[in-house]
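J.: predicted model and sequence follow; I will ask about them next.
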Amino acid sequence: MKRFISLALVAMTALTIAAQQRIYTTDGQTIRGYVVNVTDDYVYFTLKEASEPLDSLLTKEVYNIVYKNGSFDIITPAQQTTDKGSILSQPKSMLEYDGHKIMSYSGKSITESEWLALASQANVDQLYRQGKTLRRVGIPLWASGVGFAVVGGIAMLAGAQNNSTSLYVAGESLTIFATPLIVTGIPLHCVGNKKMEKSYQGFNANNTSHITLNLQSTNEGVGIALNF
């Protein structure tokens, strides 16, 4: 079975990874753990670092392994899966999405692991992961900033009404603290959404055949050229 693996895995040496990884299976599951070794037949991993005993999956049951730094190894390309009902075995189709959220592919809803397998074939998976990381950082930042700002505003209002300088100052401090969180979080969130949307657009562009009709000169005069 043809497989694409990194140089480290070619050596087939036991490797304990310090950063937790994600293993995407052919049936749509996501397993978070630490890959120890990959052979022709099995992927060995632990759920906790240096824990025993080892767990294992058949290599044909694993789509890919995604590392914390964003790199990945495709273990079983989608076209080699034996699951005929898998969305990945369907003919190329357009991805339907609403902003940063996937709605469906080939008329069916898909899991994130299925999307990542599709995206890796279209070389847009890294763009998607970057966008998702930015969203994960941005959302908590601006959300916590808004929370601090609301609490700070209430404290300032209460301090002003009750002539409490300490309460007013505390509220003002919370509001000041909230400002950089909001100013930083919202752009990160927006940029993350944009990157994810671009990954969907890139995938659809990769699956679209561009056919155009052009007028051009020929040996016999002017003709119509079909370009695709």
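T.: Yep, that arrived. Residues are numbered from 1 along each chain as shown.
J.: which element is R32 on?
T.: strand 30-38 (DSSP states H and E).
J.: which residues does the next helix or strand after that strand contact?
T.: Using DSSP H and E, the helix or strand that directly follows strand 30-38 along the chain is strand 42-46. Outside of strand 42-46, the residues within contact range by C-beta atoms under 8 Å, 6 or more residues apart in numbering are 21, 23, 31, 33-38, 52, 54-59, 62, 65, 75. For the C-beta atoms, the positions are set from N, CA and C on the backbone; glycine is no exception.
J.: give me the buried subset of the residues you listed.
T.: 21, 23, 31, 33-38, 57, 59, 62, 65, 75 (16 or more other C-beta atoms under 10 Å).
J.: for the chain, which segments count as strands?
T.: 21-25, 30-38, 42-46, 55-58, 62-66, 72-74, 95-98, 101-105, 212-218, 221-227 (DSSP state E).
J.: buried deepest among the ones you listed, which one?
T.: strand 62-66 (a mean of 23; mean count of other C-beta atoms under 10 Å).
J.: partners of it in the sheet?
T.: Here strand 62-66 is paired, per DSSP bridges, with strand 21-25 (antiparallel), strand 72-74 (antiparallel).
J.: R129: which of those strands is closest?
T.: For these, the distance to R129 is smallest for strand 72-74, at 8.7 Å, taking C-beta to C-beta.
J.: so where's the chain uncertain?
T.: 1-20, 28, 49-53, 69-72, 74, 77-93, 99-100, 106-107, 208-228 (pLDDT under 70).
J.: can you do 90?
T.: Low-confidence segments of the chain (pLDDT under 90): 1-126, 128-129, 132, 197, 199-228.
J.: what segments of it are helices?
T.: For the chain, helices defined by DSSP state H occupy the ranges 7-10, 112-121, 125-161, 165-206.
J.: could I get the ones you listed as TSV with distance to F45?
T.: Formatted as TSV, the helices of the chain follow (distance: least, C-beta to C-beta, whole Å):
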stretch	distance to F45
helix 7-10	12
helix 112-121	16
helix 125-161	20
helix 165-206	27
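J.: select, out of those, the one closest to M94.
T.: M94 lies closest, by C-beta to C-beta, to one member of the helices of the chain: helix 165-206, at 5.2 Å.
J.: before we move on, back to that, how about the CA coordinates for the strand holding R32, as PDB?
T.: C-alpha atoms of strand 30-38 as PDB (Å, rounded to 0.1, in the frame of the first residue of the first chain):
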ATOM      1  CA  THR A  30     -10.200  12.100  16.200                       C
ATOM      2  CA  ILE A  31      -7.800  10.700  18.800                       C
ATOM      3  CA  ARG A  32      -5.500  12.900  20.800                       C
ATOM      4  CA  GLY A  33      -2.300  11.200  22.000                       C
ATOM      5  CA  TYR A  34       1.400  10.600  21.300                       C
ATOM      6  CA  VAL A  35       2.500   8.600  18.300                       C
ATOM      7  CA  VAL A  36       5.300   6.200  19.300                       C
ATOM      8  CA  ASN A  37       5.900   4.300  16.100                       C
ATOM      9  CA  VAL A  38       4.400   3.700  12.600                       C
END
